[in-house]
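Chemist: Kindly generate the corresponding structure for this input.
(one chain, ligands or ions: 2)
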Amino acid sequence: MKLSKEWDVALRVIDKIENGGFEAVIVGGAVRDHLLERQVNDVDVATSALPSEVKQIFSSTVDVGIEHGTVLVLDEGEPIEVTTYRTEGTYSDYRRPEEVAFVRNLEEDLQRRDFTINAMAYTKEGNIVDLYGGKEDIENRVIRAVGDPNIRFREDALRMLRAIRFGAQLGFSIEGETLKAIQIDSDLIDFIANERISMEMAKIWKSKYVYYGLQVLNESNLSKFLVGHFAEQLEDWRTFKAEKSEVGWAYLCLLNRQDFQKIVEFYRLSNKEKTYIRKVLKAFDALRQKWTAMDYFSNELEVLETAYDFACWQNEKPAFEKEHIKAVKSNLPLQSMNQLAINGNHLVNLTSRKKGPWIKVALDAATIAVLNGYVENDEDKLKEWFLNDFIDER
Ligand code: ATP
Ligand code: MG
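Modeler: Ligands and ions are numbered 1, 2, ... in the order given. Below you'll find the predicted structure:
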């Protein structure tokens, strides 16, 4: 498989760090995804060098998380995060620790990582450092905590939801002891900041195996502590598939309309997300009545297609095919209001009336008349329509 550009950049970064007399390796998700032959995105480098030492080696760096040992190296074109080997200090309140301790050996760094599949390192020579059987777990498609799962989840309860998220992304099962520990400790998720929960859920929505992921979310007991009726509504998710997380939030709101406010608050959804959700739900309702030319006109194609998907996932597949939406939309006599052949000035000149809110009312009515085919989008025809039909009706 072709490796990403970032992977090569990371190897060059490693080379420079090694030339500086330190150790450096690729770690975490990139190693996992490389072994799985999945698309590798963020390539993280871990090193025995302290942040100050990393900064001496490279000419262009940014302190993105220096208190946690992370320096962003910009020297090689693509930005690469370089993090000093570290262990995590004491944990309190089941949340990840605020302080970390830098260490000089890789073994300790790998030990703090959440799952065996995420706890491997890749050396410049192409060797895999695999202290916890991550490779074997990848082969067997299981997610297993590094060390005692109960201890690890009590250190940072978010790891429980991360297990489900990786399950949903990869289609892996959760190893028995790890799952049992989540079932026991599921209530500790209440200690985790909603923003962190939301980020994991957003990744679940974009996953390949959402239905399976939610099944495990229920099985793990975690769903009891999250907003959304995942146990009762599991079947509604059977055919769900999304490329962006907003679609997941919107579908969750569709299934739980009475809890809209609770959902947006719990998952800390942004105004942009809220606006998107409202648009899709409105289009979904309109589809049940049958979309009018105005519905096709006023909604973006993606919103219409998502509302169409919702209908399919709800076993209400419309009588037309999805491709039809694009065709109808592009055949509309107008694509936007500013394509209308008359404007406010035309109307003022025609009537000698003063400018006022009536202009918007008239232009909206003209838009509807054009969309519905009552009048052509032509300046003279629209003027005629305006004088005969619109003014008459007033
Ligand atoms: P992706 O970026 O595809 O979501 P990832 O594995 O890179 O997946 P990140 O959240 O970016 O996940 O974390 C990078 C690595 O840091 C993980 O692979 C894991 O080794 C470690 N890690 C992240 N979060 C935790 C955590 N809460 N507890 C322990 N280790 C963690
Ligand atoms: Mg990552």
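Chemist: Go ahead and confirm N343 touches L363.
Modeler: Yes: because the distance of 7.4 Å satisfies Cβ atoms under 8 Å, N343 is recorded as touching L363. All C-beta spots, glycine's among them, are computed from the backbone N, C-alpha and C.
Chemist: Comparing those two, which residue is more hemmed in?
Modeler: Summary of the neighbour comparison: N343 and L363, criterion other Cβ atoms under 10 Å, with L363 having more neighbours (19 against 14).
Chemist: Run through the residues that contact R113.
Modeler: Residues in contact with R113, defined by Cβ atoms under 8 Å, 6 or more residues apart in numbering, are 27-28, 119, 146.
Chemist: near ligand 1, which residues of the stretch 151-300 of the chain?
Modeler: 156, 158-159 (Cβ under 6 Å from any ligand atom).
Chemist: May I ask which of these has the most neighbours?
Modeler: Within those, R159 tops the neighbour count with 25 neighbours, counted by other Cβ under 10 Å.
Chemist: Tell me how far that residue lies from ligand 2.
Modeler: R159 sits 15 Å away from ligand 2, taking Cβ to the ion, to the nearest Å as the criterion.
Chemist: Also A49?
Modeler: 21 Å.
Chemist: and what of W7?
Modeler: W7 is 13 Å from ligand 2, where distance means Cβ to the ion.
Chemist: separation between that residue and ligand 1?
Modeler: Noted for W7: a distance of 13 Å to ligand 1, by Cβ to the nearest ligand atom, to the nearest Å.
Chemist: avg pLDDT for the host helix or strand of that residue?
Modeler: W7 belongs to helix 5-19 when elements are defined using DSSP states H and E. Per-residue pLDDT over helix 5-19 has a mean of 96.
Chemist: got the residues of the stretch 201-350 of the chain near ligand 2?
Modeler: Taking Cβ under 5 Å from the ion as the measure of proximity, the stretch 201-350 of the chain makes no contact with ligand 2.
Chemist: in the stretch 201-350 of the chain, which spans are helices?
Modeler: Across the stretch 201-350 of the chain, reading from the start of the chain, the helices by DSSP state H, counting those that start in this stretch fall at 210-219, 245-255, 260-266, 271-289, 293-298, 301-313, 323-330, 344-351.
Chemist: Single out the most deeply packed of those helices.
Modeler: helix 245-255 (a mean of 23; mean count of other Cβ atoms under 10 Å).
Chemist: now that one and helix 271-289, what's the angle there?
Modeler: With axes from the mean of the first three to the mean of the last three Cα atoms, to 10 degrees defining the directions, helix 245-255 sits at 50 degrees from helix 271-289.
Chemist: who does helix 245-255 touch, helix- and strand-wise?
Modeler: On a contact count with 3 or more Cβ pairs under 8 Å, 6 or more residues apart in numbering; DSSP states H and E, helix 245-255 meets helix 194-205, helix 260-266, helix 271-289, helix 301-313.
Chemist: Once you drop chain neighbours, what's closest to whatever residue of the chain ends up closest to ligand 1?
Modeler: When distances are taken as Cβ to the nearest ligand atom, the chain approaches ligand 1 most closely through G29, which lies 2.4 Å from it. Excluding its sequence neighbours, the residue lying closest to G29 (Cβ to Cβ, 6 or more residues apart in numbering) is N118, at 6.3 Å.
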